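Visitor: Let's see this in three dimensions:
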Amino acid sequence: MLNVRLTTLFDTPATARLSAEDYIASPQSEHKSDLIEGVFVMASPATFEHAALQSFLLTTISNFVGANELGIVLGENAAYRLNTDNVYQPDSSFLSRDRMYLAGEVYVNGAPDLAVEIILPSSRQYDSVEKRINYGRAGVREYWLVDPITRTVTIFELVIDQLFPLCAEGGVLRSKVLAGFWLRVDWIFPPAGARRPGELEIARAQGLT
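Guide: Numbers count the residues shown, from 1 in each chain. This is a model prediction of the structure:
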């Protein structure tokens, strides 16, 4: 049996790493991108479905957080400095009210409480390997990994310093960080011929209106 070594950005030599400070100071960081293990990674242009999913999740999570005065929900250009080698701009994120002091003028000096990443073909390994591992190490309490190709959503919860997947029971995703927040998987990925429900419909189903 052959031993196959998976090459990841964790193998980036120290001499080739860009610092978090240099990344943040770069004009390129104003665009959707990440610094992963000292490597500048520019996001591919979002597909229509990616943009629609991002808008849907951002709106539904924001409505719940706002109604319950839990903190703030941020979009794709909010940067979180996890450490000197990693600065991420998740597609959507939640920062709790008690941790708002971490937010600076340009970036949040720490991890979000909840991060949402929507996989693009070019970001599959980064989102599922390097970023998942580093989000756990940095203390992200919950990580949503949304895959438009497989039409699945995996919620990971933090156990010590690692993120482990939770099961979606009955096709329903339930957040532990946002207690009481839930979404049906078929709202995110409707069956053929069905439509994605609107934000008001979901707010009513969640008891917000």
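Visitor: check contacts around residue 36.
Guide: Counting by C-beta atoms under 8 Å, 6 or more residues apart in numbering, residue 36 touches 9, 85-86, 88, 126, 130-131, 134. Heads up, the C-betas are built off the backbone N, CA and C, glycines and all.
Visitor: Tell me which residues of the lengthiest helix in the chain come out buried.
Guide: Longest helix in the chain, counting residues (DSSP state H): helix 48-67. Residues 50, 53-54, 56-65 are the ones in helix 48-67 that count as buried (16 or more other C-beta atoms under 10 Å).
Visitor: list the helices and strands that helix packs on?
Guide: If contacts are counted by 3 or more C-beta pairs under 8 Å, 6 or more residues apart in numbering; DSSP states H and E, helix 48-67 sits against strand 71-74, strand 92-96, strand 114-118, strand 142-147, helix 185-188, helix 199-205.
Visitor: The contacts of residue 36 in helices, which ones?
Guide: Those of these lying in helices (DSSP H): 131, 134.
Visitor: what's the closest of the contacts of residue 36 to residue 22?
Guide: Nearest to residue 22 out of the contacts of residue 36 is residue 85 (C-beta to C-beta; 11.1 Å).
Visitor: I figured that closest one hits residue 38, correct?
Guide: Yes. Using C-beta atoms under 8 Å, residue 85 is in contact with residue 38, at 4.5 Å.
Visitor: overlap in contacts of the two?
Guide: Shared contacts of residue 85 and residue 38 (C-beta under 8 Å, 6+ apart): 17, 19.
Visitor: Give me the distance between stretch 89-108 and the centre of its chain.
Guide: 12 Å (C-alpha atoms, centre = their mean, to the nearest Å).
Visitor: CA atoms only for it, dumped as CSV, please.
Guide: The C-alpha coordinates for stretch 89-108 follow below in CSV (Å, rounded to 0.1, in the frame of the first residue of the first chain):
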residue,chain,number,x,y,z
GLN,A,89,-13.1,36.9,4.7
PRO,A,90,-15.9,34.3,5.1
ASP,A,91,-19.0,34.6,2.9
SER,A,92,-21.0,35.4,6.0
SER,A,93,-20.1,35.5,9.7
PHE,A,94,-21.6,36.2,13.1
LEU,A,95,-19.8,38.1,15.9
SER,A,96,-21.5,38.0,19.2
ARG,A,97,-22.4,41.1,21.2
ASP,A,98,-19.9,40.2,24.0
ARG,A,99,-17.0,40.0,21.5
MET,A,100,-17.7,43.2,19.5
TYR,A,101,-14.7,44.8,21.2
LEU,A,102,-12.5,42.8,18.8
ALA,A,103,-13.8,44.7,15.8
GLY,A,104,-11.4,47.4,14.6
GLU,A,105,-11.6,49.9,11.8
VAL,A,106,-10.3,47.5,9.1
TYR,A,107,-10.5,44.0,10.5
VAL,A,108,-11.7,41.9,13.5
